[in-house]
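> this one's sequence-less:
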């Protein structure tokens, strides 16, 4: 039982703060507004904040960090001058375990390979009062849902899928490590007050349709940038009919539409989940203020008055969906997949089906998938595709093993990977992936960007519910529709799969022998954190240089990125994860996945000093050696995807001074600001087309950098001609001070010195 006193304090403040906010705003409040206004850093400064306009200081209840991003976050926190974190914080070792053989073998290998990093994270956690979840304990978001999430709370986490905790009615937001440092250091956390998107769910799921299909449908409606700068709040009778973990799945994938977060009002399913996971006291406390833990009645009765955008989905009519390939918002109802696959030339033979990860690894998910595996055995069906399961936590894994589900999966030849992210984040040693062959996989994860799962750009990855993934893995065919189609069994008979069945929660309760938690030392003052100067995995941070106060001139173009440029393109995961604690080494993957608009190739840009083409990091290091500033130009929704701040720190470390794009994904724009970079957008999007390969840039009025005032960029072409381009920005005065100081952390150190 964690954070009980904190939760009591939070709930004690809820009523008075919400009543004050309702009085100031003079209107009923959404759930999102209640949580936001009750978590203001200065609760006395309640005023009506303009959605999508005003920057607001908040005081989150807690911080969660996964091992890959925790390294850089904690290396920064070590420079903050603080002796202990100001709020409860945790580290979860889930990203550095590669899926290859099976859970125990893979975990053993990871412990050996990553010992230096795990020891570092354990010692830092011990020293600064941070809870440590050991390798094998589970994936951060599932562990948070089981242990820390509580209705009405506010948390931040150094992973974009922190939003998973919305399944228990939190406002949980993914951030970069520098944001986490602010909160752990006891400072205000700044966020532009979100817009609000309401999703009204009517009817009830049945048959083959799962909670996953709701967010797959929403992704198709909103697209990968449609939720940017907004909280998605789900409500209606359909919402109440969903399990808490089903709600978590929906919130988890809200990151794929760019949403700040997603959430649901407190209801009976949340109460059941809290009690089932040993948090009866939290359920009792939540019941005591349950009217505050959902929107005011008038909001849901007349939602069009209180939300900036309203979507309605009838769950009675919702069809199972398959999204992809290469983007999570390409939504196809299962009945249309055969037609779409033929039209687009997608490979229809499914090589591998994968279920689990942070998105769909609940007991309910696994039990429903297991019901289909059992059917396959009973009806004489052989699984045509490889099939893997990734449990979300040791508690889930232990319980499903106890209840026989792993034995059931073994009967159809499935592999059970470690309780870790694994293939979902590219930590998958997939045999033959290096051949680059065109193939199809289907999984219940959240992202399906090119090369994400196995490093093969020709792997067509599709996203579906665990139930549908299991059925299609049994069929081995992307065009199989289990609602209507039959399969031929070993006897040559035509058999049909019945709709999946399962259990919201284990009837015999959850059980685990060792959940994997390690409490920090009560007094960490004598704990020594060692980082070897010869390490290629860890590197102590040196501060970035402050701005010299002059206009930046004679900057060169590093790359003009074309099309989708996610954080995977800017700073790849997979094998590069091992360098997440070493800024200089991981900078060797900077922008190697971005497509150069001038030649259509990746990792091949022109070095203006030599006229030769070379790898992006090598060209940038050549500019850095000559102390020549550079600019990166990008397309729409630049920085989509993960919260990884390495995608901002690497360009900063290597000397990129500005990123100029048509539009940004929220987290990445904030990360650029935190690291003292210029994140700018074209006032006229067609100005993107004016940028040429040999351009030089002059920021002519940077000395007048001010909130609300666009900047003017002089673009000098190789023939001597010039274009003057207007660039917009969203910097407030505080963020401009970050730029001037060199980074937000540099400003913190300056203020504390």
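Sure thing, it's come through. Note that the coordinates shown come from a computational prediction; the quantities given were computed from them, not determined experimentally.
> contacts only, for the residue of the chain most remote from its centre.
Largest separation from the mean C-alpha position in the chain: residue 491, at 45.5 Å (C-alpha atoms, centre = their mean). Residue 491 sits next to residue 380 when contact means C-beta atoms under 8 Å, 6 or more residues apart in numbering. (C-beta placed from N, C-alpha, C; glycine too.)
> residues contacting residue 537?
116, 117, 578, 579, 581, 582, 585.
> what's the neighbour count on residue 684?
Using other C-beta atoms under 10 Å, residue 684 is surrounded by 13 other residues.
> state the distance from it to residue 662.
Applying C-beta to C-beta, to the nearest Å, the value for residue 684 to residue 662 is 10 Å.
> so for the contacts of residue 537, which is the shakiest by pLDDT?
Sorting these by pLDDT puts residue 578 at the bottom of the list (88).
> ok but it is inside a helix, no?
Yes - counting by DSSP: H, G, I helix; E, B strand; the rest coil, residue 578 falls inside a helix.
> excluding residues flanking it in the chain, which one is nearest it?
residue 537 (6.2 Å; C-beta to C-beta, 6 or more residues apart in numbering).
> give me the pLDDT for that neighbour.
For residue 537, the model assigns a pLDDT of 95.
> and if you look at the one 3 residues further on?
At residue 540, the pLDDT value in this model is 92.
> what's near enough to touch it?
75, 78, 531.
> what do you get if the cut-off is 6 Å, keeping everything else the same?
residue 531 (C-beta atoms under 6 Å, 6 or more residues apart in numbering).
> rewinding a little: so what's the backbone phi/psi at the residue nearest to residue 578?
With angles defined as degrees, to the nearest 10, residue 537 sits at phi -110, psi -30.
> how much space separates the residue farthest from the centre of the chain from residue 474?
Residue 491 is 16 Å from residue 474, by C-beta to C-beta.
> host element of the closest residue to residue 588 other than its chain neighbours?
Nearest residue to residue 588, sequence neighbours excluded (C-beta to C-beta, 6+ apart): residue 617, at 4.9 Å. Of the helices and strands defined by DSSP states H and E, residue 617 is found in helix 616-625.
> so which elements touch that helix?
The contact analysis (3 or more C-beta pairs under 6 Å, 6 or more residues apart in numbering; DSSP states H and E) places helix 616-625 against no helix or strand.
> show me where the stretch 351-500 of the chain has its strands.
386-390, 415-416, 439-443, 459-463, 487-488, 494-495 (DSSP state E, counting those that start in this stretch).
> winner for burial among those?
Stretch with highest mean neighbour count among the strands of the stretch 351-500 of the chain: strand 459-463 (a mean of 27; mean count of other C-beta atoms under 10 Å).
> from the chain's centre, how far out does it sit?
Distance of strand 459-463 from the chain centroid (C-alpha atoms, centre = their mean, to the nearest Å) equals 18 Å.
> tell me the angle that strand makes with strand 439-443.
Taking axes from the mean of the first three to the mean of the last three C-alpha atoms, to 10 degrees, strand 459-463 and strand 439-443 form an angle of 20 degrees between their directions.
> can you give me the mean pLDDT across strand 459-463?
98.
> for stretch 419-437, how far is the first residue from the last?
29 Å (C-alpha to C-alpha, to the nearest Å).
> show residues contacting it.
With C-beta under 6 Å, 6+ apart, stretch 419-437 has contacts from 94-95, 97-100, 136, 138-139, 354, 357, 390-391, 393-394, 397, 445, 452-456, 458, 573-574.
> now a ChimeraX select for only the buried ones of those residues.
In ChimeraX, a selection of the buried entries from these looks like this (16 or more other C-beta atoms under 10 Å):
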select :94,95,97,98,99,100,136,138,139,354,357,390,391,393,394,397,445,452,453,454,455,456,573,574
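> how far away from the center of its chain is stretch 188-199?
Using C-alpha atoms, centre = their mean, the offset of stretch 188-199 from its chain centre is 16 Å.
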